[in-house]
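>>> Need coordinates for the below:
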Amino acid sequence: MRFSVFQVSRRGGREKNEDRMGYSYTRDAGLFALADGMGGHPEGEVAAQLALQTMSGMFQREATPALADPAKFLQEGILAGHLQLLAYAASKGMTDTPRTTLVACILQGNAAYWAHCGDSRLYLVRGDKLIARTRDHSYSELQEALGRSPAAGEHFNRNVLFTCLGSPGKPMVDTTGPMLLQDGDRLLLCSDGLWGTVSDEVITEQLVKLPIADAVPELVERALRNGGPRCDNVTVLAVEWEAGEDVTLGISTQSLSDDEFASTIQAAAASDEEDNPELDEAEIERSVREINEAIVRRSSKKTP
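Next comes the predicted model:
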């Protein structure tokens with residue numbers, strides 16, 4: 001399996017960044033995930049991090065080196081993150097549970113599977129076309145899907161979701177796949193800080209015309225400019241599927257043994273939850289920056 005990946009997260013005009021992202025992989029499977037902690041509820045950054053840690057831990061246990069059922073894994077992984085948030089709130093005696101959205105993708109064999117809960121999105125671009133996008137679990141998107149236009153004076157707030165992780169009820173999870181991949185397919189996972197101010201057309205255009213190492217920073221900067229001083233956190237993780245034999249770019253997993261596992265998602269630690277509610281955000285951002293810089297260096301060394 002071979003892929004290129006690039007990711008960026010910016011705080012925007014918010015007091016803190018409650019988005020989290022990362023990826024994990026074995027020789028035969030890759031997990032890519034992004035979570036957006038929800039404002040209006042406590043510890044959104046903790047909710048996002050715990051959801052990613054839970055799913056990554058399950059992936060490490062079950063991808064040996066491939067998952068038996070990727071679609072089932074995504075459903076169970078998101079539900080496990082939800083239950084982890086409920087347990088965390090109960091252990092802290094919290095009256096309100098931390099909440100988060102989540103979008104996750106599995107690459108395995110020559111196929112992609114993805115699932116989401118809330119309004120963090122996945123886009124799949126092939127050639128010069130957008131061929132798939134997740135549909136938000138929001139009242140505004142639901143009305144649009146039903147073909148219903150707002151009546152005079154009626155307004156649907158896109159920020160109002162009807163499901164998420166950490167909510168009192170069981171979260172709704174939409175799953176897609178398997179989607180057979182072609183060489184050069186690009187998948188982009190993002191928080192609403194991106195798509196809220198940058199259109200699907202512009203997102204597609206940038207992914208079509210630029211390498212992901214250039215497209216992702218450009219899209220993030222556009223979102224920050226368009227969002228202005230009150231811009232939401234903007235987080236983007238993009239993956240390019242490369243099925244060919246050229247291993248001069250990106251990540252090749254073929255040298256990994258059956259029991260080897262790599263991840264950019266921080267493992268849970270007891271001291272993190274008790275003493276550091278920010279969960280080493282600076283360390284996460286530094287790790288992401290180093291990974292991106294390494295990818296750029298590899299790209300610049302590729303001969304035409």
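>>> Please, where are all the helices along the stretch 101-250 of the chain?
139-145, 192-195, 200-209, 212-227 (DSSP state H, counting those that start in this stretch).
>>> Could you dump those helices into a markdown table with mean pLDDT and distance to Ala238 added?
In this view, the C-beta of every residue, glycine as well, is placed from N, C-alpha and C. Shown next, in a markdown table, are those (pLDDT from 0 to 100; distance: least, CB to CB, whole Å):
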| stretch | mean pLDDT | distance to Ala238 |
| --- | --- | --- |
| helix 139-145 | 68 | 22 |
| helix 192-195 | 96 | 11 |
| helix 200-209 | 98 | 7 |
| helix 212-227 | 96 | 4 |
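>>> so who does Tyr23 touch?
Shown in contact with Tyr23 (CB atoms under 8 Å, 6 or more residues apart in numbering): 5, 7, 30-33, 237, 239, 263-265.
>>> out of these, who's nearest Leu224?
Gln7 (15.8 Å; CB to CB).
>>> Which element, helix or strand, includes the closest one?
strand 2-10 (DSSP states H and E).
>>> That strand pairs with which strands, and in what direction?
Within its sheet, and counting by DSSP bridges, strand 2-10 is paired with strand 234-241 (antiparallel), strand 251-252 (antiparallel).
>>> got a winner among the contacts of Tyr23 for most neighbours?
Within those, most neighbours by other CB atoms under 10 Å means Ala33, with 31 neighbours.
>>> that's a strand at that one, yeah?
Yes. Membership of Ala33 in a strand is supported by DSSP: H, G, I helix; E, B strand; the rest coil.
>>> follow-up on the earlier one: kindly compare burial across the helices of the stretch 101-250 of the chain and name the winner.
By mean neighbour count, with neighbours taken as mean count of other CB atoms under 10 Å, helix 192-195 ranks first of the helices of the stretch 101-250 of the chain at a mean of 26.
>>> gap between that one and the chain center?
Centre-to-centre, helix 192-195 and its host chain are 12 Å apart (CA atoms, centre = their mean, to the nearest Å).
>>> Now name the helix or strand holding Ala90.
If you go by DSSP H and E, Ala90 is part of helix 70-92.
>>> elements contacting that helix?
Where contact means 3 or more CB pairs under 8 Å, 6 or more residues apart in numbering; DSSP states H and E, helix 70-92 is packed against helix 44-62, strand 100-108, strand 111-117, strand 174-180.
>>> just checking, which of those sits deepest inside the structure?
Counting by mean count of other CB under 10 Å, strand 100-108 has the highest mean neighbour count of the helices and strands packed on helix 70-92, with a mean of 28.
>>> Save the helices and strands packed on helix 70-92 as TSV, and put in distance to Leu79 and mean pLDDT too.
Output for the helices and strands packed on helix 70-92, formatted as TSV (distance: least, CB to CB, whole Å; pLDDT from 0 to 100):
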stretch	distance to Leu79	mean pLDDT
helix 44-62	10	96
strand 100-108	11	98
strand 111-117	9	98
strand 174-180	12	97
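>>> can you list the ones you listed in TSV and add distance to Thr204?
Listed next are the helices and strands packed on helix 70-92 as TSV, based on distance: least, CB to CB, whole Å:
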stretch	distance to Thr204
helix 44-62	26
strand 100-108	17
strand 111-117	17
strand 174-180	17
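>>> which stretch in the strands paired with strand 2-10 has the least confidence?
Note on these: strand 251-252 shows the lowest mean pLDDT, a mean of 90.
>>> who touches it?
With CB under 8 Å, 6+ apart as the criterion, strand 251-252 contacts 1-5, 25.
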